[in-house]
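*Asks:* Need the 3D shape of this:
(chains A and B, ligands or ions: 1)
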Amino acid sequence: MEGTGHAVCLGPDIDTDLIIAGRYLRTKDRSVWAEHVLEDLDPALAPRLRRAVIIAGRNMGCGSSREQAPVALREAGVIAVIAPSFARIFFRNAINVGLPAIECDGIPCTDGEPVSFSLDEGWVEAAGIRYPARPLSGRMQEILDAGGLVNYWREKE
Amino acid sequence: MTTLSERILDAPAGEYVDCMVDRAFAHDGTGVLALEAFREMGRAMPAYPERISILFDHLAPANNSQTATLQAELREFSLECGLHFSDVGEGICHQLMSEGRVLPGEIVVGADSHSCTAGALGAFATGVGATDMAAIWAGGSTWFRVPETTGIHLEGNLSGAAEAKDLALTYVGRLGMDGATYRALEFTGDGAASIVMDGRLTLANMAIEAGAKTGLFYADAVTRQYLAGYGHDVAMQVPEDPDYAEDVTIDLGDVVPVLAVPHRVDTVEEVTRYEGTTLDQVFVGTCTNGRYSDIKRFAALIHGQKVKTRTIVVPASRDVLLRAGRTGVLTGLIESGCIIGSPGCGPCLGMHMGVLGEGEVALSTANRNFKNRMGVGAEYYLGSVATAAASALAGEIRSPEVL
Ligand code: SF4
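*Replies:* As a prediction, the model looks like this:
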């Protein structure tokens, strides 16, 4: 899997309450989550997420198990989330809903600049420099390649 | 030698394993999404219905008709499939699982981040998201990366007004919010043995706040006695000089009443530094501190006095509520001016009753103080039951050392 998008820079310890607040969880309507994603961090962010690659700080997605967090990012148009480290439930959830989560250290982030990634070859490229990305486990790669865990299970049939 | 996680998952740290799950549970929040994913997977009936629990706690009773409708669908599914179903008012999933539904050595997966709570019983208990849960319903198993372990060696005894919650906040503050990411915690030492089960549940509950997959206690005499109360006769687990990725030692005698100050759970400071901060609300409850011993201690500390701020007490389960009723604890709380909520998560996640207003300040016995979680524009501090009692009586933050 590979892609290119424009960078959206976030800090460390972005928690799932910040990604999608509890007050928007009373529905199964994904467009509501996409509309309010990251609202408590910066209400102006959501419209900028179309074809975005999020470059976050460490411990991305800490907090609750709410899967609406990666779904909200995906639905808002985010094509990948890159961070030096992820909270493990968020990491699993992102892959399970087909949103690439890429562990990669030390990428400089400039909002709006192009960022490319290749999971197959294991790199992220920003400002003309390639940074090695940690490979996904075999299982996670299979799930992501299937487009998420639901499809993975459908294909198993 | 092997850690408890390695023993239970039967593989060395770093390896990926597929494991059958002994017990899987979801609540009304995550269960709704899991059901949707399960149906999208083309499934109608879980593979091992007898291993699955659905427990309504997050918005319980429902706050509006939209929620009630979602709950009705999940309720119907649970009953039709013969799952263990716990309806609104029964209590918080983690509390109900720890009331005799989890045994040492089991693999327990919950669709909630605080599923690590049951690690207190010597189970490998961890949280996943909704789609992972749907896959467990479908096939009965899931994959794990066997975690490395941070050993938390506890020495001595808690003293003065400090309680297990202060120790929990202390270790989270020491490790930091991502200090144990991808790892498990193991609590060992004489100090661990000295902590009663309710305290262990509080400590294991907060493992996720340091990013850990689970927080484990070895089953010992305390565990045996606790589970005997639910009719289980369990074997002990003895540490075999485990190899830890990191060792942390905490002398319990050094632990003092502390708070996690807004908005980070790892910004942990002594309560005395914040004394005098006016409070609009005190909240006692949650999967961290809503057990009977917590409610009883809170009631004893405020006994015969009136609270000076809005004080909401939410028992973690119906059993806790029943015991509080039988022993007169409940009457005392009501006489002191407390508001009693029905068993469940209550205001913890800011979705229904007890939500804070803009600019309001609260003290809560919960585990998480993320910005806006308990109310947009509100601030809240996390502290122990004793700190909550002293502060409720004062209407402002107060160290429990005065009580
Ligand atoms: S009490 Fe709070 S932390 Fe515990 S399960 Fe409920 S919402 Fe989550």
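
*Asks:* neighbours of the residue in chain A that the ligand sits nearest to, just the number please.
*Replies:* Here the residue of chain A nearest the ligand is A:Ser64; by CB to the nearest ligand atom that distance is 6.8 Å. (Each C-beta comes from the backbone N, C-alpha and C, glycine too.) Using other CB atoms under 10 Å in any protein chain shown, A:Ser64 has 30 other residues around it.

*Asks:* where does it land in three-state SS?
*Replies:* Assigned with DSSP: H, G, I helix; E, B strand; the rest coil, A:Ser64 falls in the coil class.

*Asks:* That one: what's it in contact with?
*Replies:* A:15-17, A:89, B:112-113, B:349, B:368 (CB atoms under 8 Å, 6 or more residues apart in numbering or on different chains).

*Asks:* And it, its phi and psi?
*Replies:* Phi and psi for A:Ser64, reported as degrees, to the nearest 10, are phi -80, psi 180.

*Asks:* where does it sit relative to B:Gly359, distance-wise?
*Replies:* Applying CB to CB, to the nearest Å, the value for A:Ser64 to B:Gly359 is 25 Å.

*Asks:* Equivalent analysis for B:Ser399, please.
*Replies:* B:Ser399 is 24 Å from B:Gly359, by CB to CB.

*Asks:* so what's A:Leu49 closest to, chain neighbours aside?
*Replies:* Computed as CB to CB, 6 or more residues apart in numbering or on different chains, the closest residue to A:Leu49 that is not its neighbour in sequence is A:Ala76, at 4.0 Å.

*Asks:* Return the residues in contact with that neighbour.
*Replies:* Taking CB under 8 Å, 6+ apart, one finds A:34-35, A:37, A:46, A:49-50 in contact with A:Ala76.

*Asks:* Out of all residues in chain B, which is the farthest from the middle?
*Replies:* Most distant from the centre of chain B: B:Gly42, at 33.1 Å, with distances by CA atoms, centre = their mean.

*Asks:* what are the ranges of the helices in chain A?
*Replies:* A:16-19, A:30-36, A:68-76, A:88-96, A:138-145, A:149-156 (DSSP state H).

*Asks:* could you dump these to a markdown table with mean pLDDT?
*Replies:* Listed next are the helices of chain A as a markdown table, based on pLDDT from 0 to 100:
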| stretch | mean pLDDT |
| --- | --- |
| helix A:16-19 | 94 |
| helix A:30-36 | 95 |
| helix A:68-76 | 97 |
| helix A:88-96 | 97 |
| helix A:138-145 | 95 |
| helix A:149-156 | 91 |
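
*Asks:* Need these in CSV (columns: distance to B:Leu333).
*Replies:* CSV is the format used below for the helices of chain A (distance: least, CB to CB, whole Å):
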stretch, distance to B:Leu333
helix A:16-19, 29
helix A:30-36, 37
helix A:68-76, 35
helix A:88-96, 35
helix A:138-145, 48
helix A:149-156, 45
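
*Asks:* Tell me which of these sits nearest to B:Asp87.
*Replies:* Nearest to B:Asp87 among the helices of chain A is helix A:68-76; the distance by CB to CB comes to 23.5 Å.

*Asks:* Residue nearest the middle of chain A, spatially speaking?
*Replies:* Taking CA atoms, centre = their mean, the centroid of chain A lies closest to A:Val81, which sits 3.2 Å from it.
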